[in-house]
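# Okay, predicted coordinates and the sequence, questions at the end:
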Amino acid sequence: MTDFGAIDALLAGAKKEVALPSVEERRALREELNVSRAQLAQALAVSPSTVKGWESGRDPSGEVREKYAYFLEGAKAKLAAEAADVSEEAPAEAPEDEVRADAEPTADQDDDVDVLATPQPCVLCGQPARHQVAGFPQHLDPAECQAAAPEETKQPVAPERPAARTTLSRAPSRGRQGQAGRGVRVVPVGRRMQTADTPDLIGSAVSAALAEHSGDVEAATKALVKRAIPDAMALLDHSRKGGRYEIVAHPWLPDILRKQSSRGADQIWEARPKWARPELPPGLHEVTALDINGAYLSALKTHLPLGQLEHSTGNHHNPRRAGLHLITPPDWDHDACLPNPIGSRDEPGPLWVTEPTLRLLLRISGPKYGLCDPPEIHESWTSGATEGLLEKFRVALKDARDRAIAEDDEVTLEYVKAMYSKFVSTLGESNYNRELYRTDWMHLIRSQAFANLWWKAHRAYDQGLMVVRAMGTDELHVIGDWRAVFPEGRGVTEVKLKDVYTIDTEHTPADERDS
């Protein structure tokens, strides 16, 4: 017979696990209270790495789960109470229906926010929004945006706070398209956090390394280069303070971004140039090889998708979005004097290209240049995007690089170079950087560097120089007075003289010139 007493005892002791906020909110709540991982770990009798795991996707269980949930609920209540106190002290704001689209902005309004005459789809949830922020149609209230989103995309909304800190976040894993949240948060108007000055993390790290190694430049440089990736991520976190958007750090990826084999590549074509002019005029030519400074550093300024990539079809490009596009590239009839914008590719037919490559093709196919037909877009994976996402990060690195050059500081120069180059190279499938996994960003930044080199080649051609070679991201060979076209120096807007050599087309076979 069934032991009903045992079943009753089991039911009496059974209970549903307490619910926890999303992983994004857990970290935000802790950080907005200025509680460190070590402090919270000590209070819960666990290790700081365990707390980090809870903020990266793992969930606790048992008694420690209840204690962690108790902390998070208490943090919500404390922050909500502080927000309410601030709201009571703040002057009343005019109702939304009294705001006119043609009204002059005041000191209390955000000049990046506009009222739309006709509601447009919100870049986050796709539902009609009456405002736009920095050119993006959006709901100003995150709660309104979440309420308007389809049920399957809703995420818990944190209590409104006076100044929500922007953080990197992990997107929930998903088994099929359309299940995860967008991961992009808009801070409500009037409560946007002001930009904080970025501390000199680079200078402090260099000083500490030199002190630790008793002034040994070689040893200090080696130690700094070794820690370049975590230091770059720390600098990125500081540069993102006060930012408008929350970055999805570990998004779901479409199959085109996944490697076809363990040693293979994904399906994205980065348009890397490896071009040499097929023929030169008869005679003896002096060729100058130019080195483009900080190619990847400059390429950090590119249109990057903020959230998770979403699929679309059709021959249409939305300039407010960025991502990856399956295109049929146009024929290129100028290979005798300029490299093909899609790089060195022999196979015909459609291919997946990045946003910088597509924008380059669209621009040079327009009426201003008319160099080719427009590309045909078949399908795309995109998200709402901004060109300034990494701008503070880029400027901090550029300023440190400029100071190092001015002061002949090779330690800082090598350290900064390692920071931005390794940051880009480890954004994809890498065991060295687990804080930010954006393979799409890696491809876009690299492609932007290639596009920048193409524009330098076009500038040289347009100014009367003869372009001889374009290689990778930073090598351009020309014939002519290049100093009249490009400023010489070590800055990121300047070029360096790499080599000067001669080509005698009357005595050198063509196959040797191309080797």
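Okay, I see it.

# what pLDDT does residue 386 get?
Looking at residue 386, its pLDDT reads 89.

# Phi first, then psi, for it.
phi -140, psi 150 (degrees, to the nearest 10).

# Run through the bridge partners of it.
Bridge pairing for residue 386 (DSSP bridges) gives the partners residue 304.

# buried residues in the longest helix along the chain?
Determined from DSSP state H, the single longest helix within the chain is helix 62-89. Neighbour-count burial for helix 62-89, counted by 16 or more other Cβ atoms under 10 Å, picks out 65, 67-69, 71-72, 75-76, 79, 83. From N, CA and C alone the C-beta is placed, and that goes for glycine too.

# That one: how far from the chain's middle?
Mean-position distance between helix 62-89 and its chain equals 31 Å (Cα atoms, centre = their mean, to the nearest Å).

# ok, now stretch 241-252?
Averaging C-alpha positions (Cα atoms, centre = their mean) puts stretch 241-252 9 Å from its chain's average.

# Would you map the helices across the stretch 351-500 of the chain?
In the stretch 351-500 of the chain, the helices defined using DSSP state H, counting those that start in this stretch lie at 355-364, 391-406, 410-425, 439-462.

# any weak-confidence spans in the stretch 251-400 of the chain?
By pLDDT under 70, the stretch 251-400 of the chain has no low-scoring segment.

# again with the chain
Residue ranges of the chain with pLDDT under 70: 1-3, 8-9, 11-16, 83-114, 123-126, 133-199, 244-245, 507-515.

# run the last query once more with 50
For the chain, the stretches with pLDDT under 50 are 1, 86-112, 146-196.

# Could you list the domains of it?
15-89, 103-193, 248-513 (automatic domain parsing).

# In JSON lines: these, plus distance to residue 209.
Putting these into JSON lines (distance: least, Cβ to Cβ, whole Å) gives the following:
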{"stretch": "domain 15-89", "distance to residue 209": "24"}
{"stretch": "domain 103-193", "distance to residue 209": "26"}
{"stretch": "domain 248-513", "distance to residue 209": "8"}
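
# What is the burial count for residue 49?
9 (other Cβ atoms under 10 Å).

# For the helix or strand it falls within, buried residues please.
Element membership for residue 49 (DSSP states H and E) is helix 48-54. Buried residues in helix 48-54, counted by 16+ other Cβ under 10 Å: 50-51, 54.

# got it, and stretch 35-45?
For stretch 35-45, burial by neighbour count (16+ other Cβ under 10 Å) applies to 37, 40-41, 44.

# then it to CSV, C-alphas only?
Extracted as CSV, the C-alpha positions of stretch 35-45 are listed here (Å, rounded to 0.1, in the frame of the first residue of the first chain):
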residue,chain,number,x,y,z
VAL,A,35,29.0,46.7,-2.7
SER,A,36,32.0,44.8,-3.9
ARG,A,37,31.8,41.1,-4.9
ALA,A,38,34.2,40.4,-2.0
GLN,A,39,31.9,42.1,0.5
LEU,A,40,28.8,40.2,-0.7
ALA,A,41,30.7,36.9,-0.8
GLN,A,42,31.8,37.4,2.8
ALA,A,43,28.3,38.1,3.9
LEU,A,44,27.0,35.0,2.1
ALA,A,45,29.9,32.8,3.1
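
# Show me what that stretch is in contact with.
30, 47-48, 50-52, 64, 67-68, 71, 75 (Cβ atoms under 8 Å, 6 or more residues apart in numbering).

# before we move on, back to that, next secondary structure after the longest helix of the chain?
Following helix 62-89 in sequence, per DSSP H and E, is strand 113-121.

# now the buried residues of stretch 35-45 as CSV including secondary structure?
Shown next, in CSV, are these (DSSP: H, G, I helix; E, B strand; the rest coil):
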residue, secondary structure
37, helix
40, helix
41, helix
44, helix
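
# Can you tell me which of those is nearest residue 404?
Top of the list for closeness to residue 404, among those and by Cβ to Cβ, is residue 37 at 32.7 Å.

# Looks like residue 282 contacts residue 506 (just checking).
Yes: using Cβ atoms under 8 Å, residue 282 is in contact with residue 506, at 5.6 Å.

# gap between the two ends of stretch 251-270?
21 Å (Cα to Cα, to the nearest Å).

# so who does residue 269 touch?
So residue 269 contacts 342-343, 345, 351-354, 357 (Cβ under 8 Å, 6+ apart).

# Which strand residues bridge it?
Beta-bridge pairing of residue 269 under DSSP bridges involves residue 353.

# where's it relative to residue 300, distance?
To residue 300, residue 269 is 21 Å away according to Cβ to Cβ, to the nearest Å.

# now do residue 365
Per Cβ to Cβ, residue 365 is found 26 Å from residue 300.

# Compare the two (neighbour count), which wins?
When residue 365 and residue 300 are compared for neighbours, residue 300 comes out ahead with 23 against 17, by other Cβ under 10 Å.

# Chain neighbours aside, what residue packs nearest to the more buried one?
Leaving aside its sequence neighbours, residue 300 sits nearest to residue 394 (Cβ to Cβ, 6 or more residues apart in numbering; 4.1 Å).

# For that neighbour, grab the count of nearby residues.
Neighbourhood size, residue 394 [other Cβ under 10 Å]: 22.

# Next up, the contacts around it.
297-298, 300-301, 420.

# 10 Å - rerun?
239, 294, 296-302, 388, 420, 492 (Cβ atoms under 10 Å, 6 or more residues apart in numbering).

# Buried ones among those residues?
For these, buried by 16+ other Cβ under 10 Å: 239, 294, 296-302, 420, 492.

# Narrow those residues to those in helices?
Among the buried ones among the contacts of residue 394, the ones falling in helices (DSSP H) are 239, 296-299, 420.

# Kindly reformat those residues as a markdown table containing distance to residue 22.
Formatted as a markdown table, those follow (distance: Cβ to Cβ, whole Å):
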| residue | distance to residue 22 |
| --- | --- |
| 239 | 24 |
| 296 | 33 |
| 297 | 34 |
| 298 | 36 |
| 299 | 32 |
| 420 | 31 |
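
# Of these, which is the nearest to residue 264?
Nearest member of these to residue 264, counting by Cβ to Cβ, is residue 296, at 23.5 Å.

# Residue 303 versus the closest one, what's the distance?
Residue 296 sits 16 Å away from residue 303, taking Cβ to Cβ as the criterion.

# centre of the chain versus stretch 307-323, how much separation?
Counting by Cα atoms, centre = their mean, stretch 307-323 comes out at 16 Å from the chain centroid.

# now do stretch 417-432
The chain centroid and the centroid of stretch 417-432 are separated by 12 Å under Cα atoms, centre = their mean.

# Over to stretch 232-247?
Offset of stretch 232-247 from its chain centre (Cα atoms, centre = their mean): 11 Å.

# And stretch 493-503, by the same measure?
The answer for stretch 493-503 is 32 Å, by Cα atoms, centre = their mean.

# cool, stretch 269-285 as well?
32 Å.

# Would you mark the buried spots in that stretch?
For stretch 269-285, burial by neighbour count (16+ other Cβ under 10 Å) applies to 269-273, 275, 277, 280, 285.

# do the same with stretch 234-254
For stretch 234-254, by 16+ other Cβ under 10 Å, it's 235-254.

# same question, stretch 354-373
Counting neighbours by 16+ other Cβ under 10 Å, one finds that the buried residues in stretch 354-373 are 354-361, 364-365, 371-372.

# how about JSON lines for these, with distance to residue 218 added?
As requested, those are exported to JSON lines (distance: Cβ to Cβ, whole Å):
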{"residue": "354", "distance to residue 218": "38"}
{"residue": "355", "distance to residue 218": "40"}
{"residue": "356", "distance to residue 218": "37"}
{"residue": "357", "distance to residue 218": "40"}
{"residue": "358", "distance to residue 218": "44"}
{"residue": "359", "distance to residue 218": "42"}
{"residue": "360", "distance to residue 218": "41"}
{"residue": "361", "distance to residue 218": "45"}
{"residue": "364", "distance to residue 218": "46"}
{"residue": "365", "distance to residue 218": "50"}
{"residue": "371", "distance to residue 218": "48"}
{"residue": "372", "distance to residue 218": "50"}
